[in-house]
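J.: Below are the sequence and a predicted model; questions follow.
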Amino acid sequence: MCDRVAIIDQGRIITCETPKNLIEKHRNDPTVKEVARGEVTLEDVFIGLTGGEIRD
C-alpha cells in the first residue's frame, strides 16, 4: 500500500490524500455512492470522481 494517492483526471490533480482519508472524505459523495457496491473502496472514489473505470 502507499502513503498518499493522487487522483488525476485529464492531466489535472483532483485530490491527493492518504487512501484512508480519500475514502472517508468522499464516502458520502453521490457520484461515489452511485458506483459503490457495498462499502466504499478507493476504486469507487476514483471512478466516482473521474467518471471513468480503472483499466488494466
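T.: Now that the structure is in, tell me what you want to look at.

J.: Could you list the low-pLDDT ranges of this protein?
T.: For the chain, applying pLDDT under 70 flags the ranges 54-56.

J.: hey, where'd the strands end up in it?
T.: Assigned by DSSP state E, the strands in the chain fall at 5-9, 12-17.

J.: Let's have those strands in JSON lines, adding mean neighbour count and distance to residue 33.
T.: Every C-beta, even on glycine, is put in place using the N, C-alpha and C of the backbone. Output for the strands of the chain, formatted as JSON lines (neighbours: other CB atoms under 10 Å; distance: least, CB to CB, whole Å):
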{"stretch": "strand 5-9", "mean neighbour count": "14", "distance to residue 33": "17"}
{"stretch": "strand 12-17", "mean neighbour count": "12", "distance to residue 33": "17"}
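
J.: Using a markdown table, please lay out those together with distance to residue 39.
T.: Below are those laid out as a markdown table (distance: least, CB to CB, whole Å):
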| stretch | distance to residue 39 |
| --- | --- |
| strand 5-9 | 18 |
| strand 12-17 | 18 |
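
J.: Out of those strands, which is closest to residue 24?
T.: strand 12-17 (8.7 Å; CB to CB).

J.: Could you list the paired strands of the closest one along with their orientation?
T.: Strand 12-17 has its sheet partners listed here by DSSP bridges as strand 5-9 (antiparallel).

J.: Identify the residues contacting the strand it pairs with?
T.: For strand 5-9, contacts defined as CB atoms under 8 Å, 6 or more residues apart in numbering pick out 13-19, 22, 42, 45-46, 49-52.

J.: Closest one of those to residue 30?
T.: residue 49 (11.5 Å).

J.: Determine the number of other residues adjacent to that closest one.
T.: 18 (other CB atoms under 10 Å).

J.: That one touches residue 14, doesn't it?
T.: Yes. Between residue 49 and residue 14 there is a contact under CB atoms under 8 Å: 5.4 Å.

J.: right, and the strands of the chain - which one's nearest residue 36?
T.: Per CB to CB, nearest to residue 36 of the strands of the chain: strand 5-9, 15.6 Å.
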